[in-house]
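Visitor: Fold the following.
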Amino acid sequence: MTHAFVALGSNLDDPRAQVERAFEALARLPDTALLARSRLYRSAPWGGVAQPDFVNAAALVDTGLPARALLDALLAIERRAGRVRGERNGPRVLDLDLLLYGDRALREPGLELPHPRLHERAFVLRPLADIAPGLEVPGHGRVLDLLAHADAGDCVPLQ
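Guide: Okay, here's the model as predicted:
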């Protein structure tokens with residue numbers, strides 16, 4: 001079994017409900033247990049495309065699935081939620097990113113671990129800090145230290 005961290009986000013079709021359903025779907029994955037989940041956060045969209053705010057979160061799972069199989073399962077959850085890949089950094093019903101898979105570093109077509117921009121994004125770091133503040137992001141440092149250097153002003157907990 002391997003600990004893996006997943007980022008969750010949505011800004012379409014009742015984003016809060018989309019993220020809650022995604023947590024439930026993660027918990028139902030084969031050979032996988034949902035160990036922890038962050039609070040939900042509202043964050044401004046990133047990437048320069050005009051769109052609604054996002055609801056973001058993070059999850060820790062313990063899985064027997066290989067990294068590629070876990071990624072494929074995440075993409076299947078997105079598709080079931082109605083995700084259609086369109087404009088880069090555009091609005092989305094559901095976005096699930098595999099951030100870390102144990103301490104593995106991988107670079108394959110469609111799968112890079114650790115996620116290449118996780119250390120730069122407050123909307124990923126803030127939820128991660130809820131569930132693993134001391135987590136070491138290989139090559140970048142601890143989550144709390146990374147968050148201290150990120151602009152997290154527009155990433156706020158939902159009530």
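
Visitor: can you list the residues that contact the lengthiest helix in the chain?
Guide: Longest helix in the chain, counting residues (DSSP state H): helix 67-81. Contact partners of helix 67-81, identified using Cβ atoms under 8 Å, 6 or more residues apart in numbering, comprise 4, 6, 18, 21-22, 25-26, 29-30, 32, 61, 63, 65, 93-98, 101, 104, 106, 108, 110-111, 113. To be clear about C-beta, it is placed using only N, CA and C from the backbone, and glycine gets the same treatment.

Visitor: switch the cut-off to 7 Å
Guide: Defining contact as Cβ atoms under 7 Å, 6 or more residues apart in numbering, one finds that helix 67-81 is touched by 4, 6, 18, 21-22, 25, 29, 63, 65, 93-96, 98, 101, 104, 106, 111, 113.

Visitor: ranges for the helices of the protein?
Guide: Listed in chain order, the helices found in the chain under DSSP H are 15-27, 67-81, 122-131, 143-148.

Visitor: Among the ones you listed, which comes closest to L158?
Guide: Among the helices of the chain, the nearest to L158 by Cβ to Cβ is helix 15-27 (6.9 Å).

Visitor: follow-up on the earlier one: pick the most buried one from the helices of the chain.
Guide: Stretch with highest mean neighbour count among the helices of the chain: helix 122-131 (a mean of 23; mean count of other Cβ atoms under 10 Å).

Visitor: Please export the C-alpha coordinates of that helix as PDB.
Guide: Extracted as PDB, the C-alpha positions of helix 122-131 are listed here (Å, rounded to 0.1, in the frame of the first residue of the first chain):
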ATOM      1  CA  ALA A 122      -1.800  28.100  -2.700                       C
ATOM      2  CA  PHE A 123      -5.100  26.400  -3.700                       C
ATOM      3  CA  VAL A 124      -3.300  23.100  -3.500                       C
ATOM      4  CA  LEU A 125      -0.900  23.800  -0.600                       C
ATOM      5  CA  ARG A 126      -3.500  25.200   1.800                       C
ATOM      6  CA  PRO A 127      -5.700  22.100   1.700                       C
ATOM      7  CA  LEU A 128      -2.600  19.900   1.900                       C
ATOM      8  CA  ALA A 129      -1.600  21.800   5.000                       C
ATOM      9  CA  ASP A 130      -4.800  20.700   6.700                       C
ATOM     10  CA  ILE A 131      -4.000  17.000   6.300                       C
END
